[in-house]
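Peer 1: return atomic coordinates for the entry below.
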Amino acid sequence: MISALHALTAEPWAIRPDYLYFLASLASLDRAGRAERRAAEGEDWFRLDLQAAAGPTAQRLEGARYAMLTREGVAVIPVIGPIFPRANMLTEMSGTGTSAAMLARDLQLARDSAEVGAVMLLVDSPGGSPTGINALADQLYAMRGRKRVVAHVSGSAASAAYWIASSAGELVTEKTGMLGSIGVVAAISKQVEPDASGSLSIEIVSSNAPNKRPDPQTEDGAAEIRALLDSIEAQFIADVARGRKTTPARVRTNFGAGGMKVGADAVAAGMADRVQTYDFTLRDLTRTAANERAARAARQ
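Peer 2: Alright, predicted model coming up:
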C-alpha cells in the first residue's frame, strides 16, 4: 500500500487528502481478487441504485455512460466517488469512480438531446484529479441559457467535485451536504533510509533541471512544489468565482479556506443557492422539463 500511496500522492490532487489513503488501498488490492469481486457483484448495481433515485421509469440516456433519463425528460447525471481524467483501473475498483471524459460526454449528450428538458448533477464526491476539471467547468458554464442545470449535493461536493458543481446554473444542497475543500494537495515522498530489502534509491537529475526533483525538505524545494499547486489553485478559484458570481478574493476568504461548510452555512457563505431535498429538486426539474417539452411541441 505504501508504494501505491507514494505513486498517488506525488501528483497534484483536488481531493480531500484523507481520501488518497482509500485510493491507495484500492490500488494495492490483488488483481485476481478484484476480478472475482467484480464478477460476484456484477456491473449493474450502481445503475440500479441510480435508477431507484431517478425513478422506476428512468432509462439510460442513449449513448451515455452515467446519465439516466426520466420519463418526464430530466437527465440525472451522477458525479459520485473519486474523479479521474478517464476510465481506468481505479474507477472500476472503487465501483462509483467518475471519469471526467465520460462525464463530459454525458453532459454533451444531455445538452444536445431533444428528449432532455433539464439536467440534474447528483453530486457526492471527495474530488479527484484536477486534470480536465477546468474544461468540465467551462462546459457546464456554457450550458447556462441553453438548458437548466442544477447541481444537487446529496453528500459532499469536495474539491474537484465542488469545482465542477459551482459552474452549474444552480447549486443546491441537502441540510447535511458538505461543500468546499477548495485547494490542491500533493505529498512528495523522499527516501531517507534503506527499505525493507536494504535498498536505497538515489535520484540524480541532469544539470539544467534542478526543479525536476525538488527536495520537499528544503525551503526552495517546497516553494517550487507549492508554486505548481498554487497555479492550479488559482484556476480553481477563478472558475468557482465565475460560477458563483463573486470575486476570487471572496472565494479565498469566505468559502472555507480549504475547509468545508455544511448546508445552510454553505448557502450563507454564497457557496450554494439554497437548501432543499433531492425529491424537491427532481420535482422542480420535472416541471421545467415538462414546460420545455410543451414549448418544443408548440414550436413544431
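
Peer 1: need the residues that contact the helix or strand Leu140 falls within.
Peer 2: Per DSSP states H and E, Leu140 falls inside helix 133-142. Residues from elsewhere that reach helix 133-142 (Cβ atoms under 8 Å, 6 or more residues apart in numbering): 14, 83, 100, 103-104, 107-108, 121, 149, 160, 163-164, 166-168, 235-236, 239, 242-243. In this view, the C-beta of every residue, glycine as well, is placed from N, C-alpha and C.

Peer 1: and that helix, C-alpha only, in CSV?
Peer 2: Written as CSV, here are the backbone C-alpha positions of helix 133-142 (Å, rounded to 0.1, in the frame of the first residue of the first chain):
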residue,chain,number,x,y,z
ILE,A,133,-11.8,19.7,-14.4
ASN,A,134,-11.4,23.2,-15.8
ALA,A,135,-12.7,22.0,-19.2
LEU,A,136,-15.7,20.5,-17.4
ALA,A,137,-16.3,23.7,-15.6
ASP,A,138,-16.2,25.6,-18.9
GLN,A,139,-18.6,23.1,-20.5
LEU,A,140,-21.1,23.4,-17.7
TYR,A,141,-20.9,27.2,-17.6
ALA,A,142,-21.5,27.3,-21.3
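
Peer 1: could you point out the helix or strand that follows it?
Peer 2: Beyond helix 133-142 toward the C-terminal end (DSSP H and E), the next one is strand 148-158.

Peer 1: next SSE downstream of that next one?
Peer 2: Going down the chain from strand 148-158, the next helix or strand is helix 160-165, by DSSP H and E.

Peer 1: which residues does that next one contact?
Peer 2: With Cβ under 8 Å, 6+ apart, helix 160-165 has contacts from 14-15, 79, 83, 103, 121, 123, 125-130, 133-134, 136-137, 140, 151, 153, 157, 171, 179-182, 236, 239-240, 271.

Peer 1: repeat that with 6 Å
Peer 2: 14, 79, 83, 123, 125, 127-128, 130, 133, 136-137, 151, 157, 171, 179, 236 (Cβ atoms under 6 Å, 6 or more residues apart in numbering).

Peer 1: measure the nearest residue to Asp284 once chain neighbours are set aside to Leu200 for me?
Peer 2: Nearest residue to Asp284 in three dimensions, chain neighbours excluded: Val150, at 7.6 Å (Cβ to Cβ, 6 or more residues apart in numbering). Between Val150 and Leu200 the computed distance is 54 Å (Cβ to Cβ, to the nearest Å).

Peer 1: ok, the two, which is more surrounded?
Peer 2: Counted by other Cβ atoms under 10 Å, Val150 and Leu200 do not tie: Val150 has more neighbours, with 23 against 10.

Peer 1: wait, the more buried one sits on Leu121?
Peer 2: No - applying Cβ atoms under 6 Å as the test, Val150 and Leu121 come out as separate, 7.2 Å apart.

Peer 1: show me where the stretch 201-300 of the chain has helices.
Peer 2: Secondary structure of the stretch 201-300 of the chain by DSSP state H, counting those that start in this stretch: the helices cover 219-243, 248-254, 263-269, 278-299.

Peer 1: in JSON lines, list the ones you listed along with mean neighbour count.
Peer 2: Below are the helices of the stretch 201-300 of the chain laid out as JSON lines (neighbours: other Cβ atoms under 10 Å):
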{"stretch": "helix 219-243", "mean neighbour count": "16"}
{"stretch": "helix 248-254", "mean neighbour count": "15"}
{"stretch": "helix 263-269", "mean neighbour count": "17"}
{"stretch": "helix 278-299", "mean neighbour count": "15"}
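
Peer 1: so for Pro210, which of those sits nearest?
Peer 2: With Cβ to Cβ as the measure, helix 219-243 is the member of the helices of the stretch 201-300 of the chain nearest Pro210 (8.8 Å).

Peer 1: which residues touch the closest one?
Peer 2: 12, 130, 134, 137, 163, 166-167, 183-184, 211, 214-216, 247-248, 251.

Peer 1: now do Tyr21, the pLDDT please.
Peer 2: As predicted, Tyr21 sits at a pLDDT of 60.

Peer 1: next, count neighbours for Ala196.
Peer 2: Using other Cβ under 10 Å: Ala196 sits among 6 other residues.
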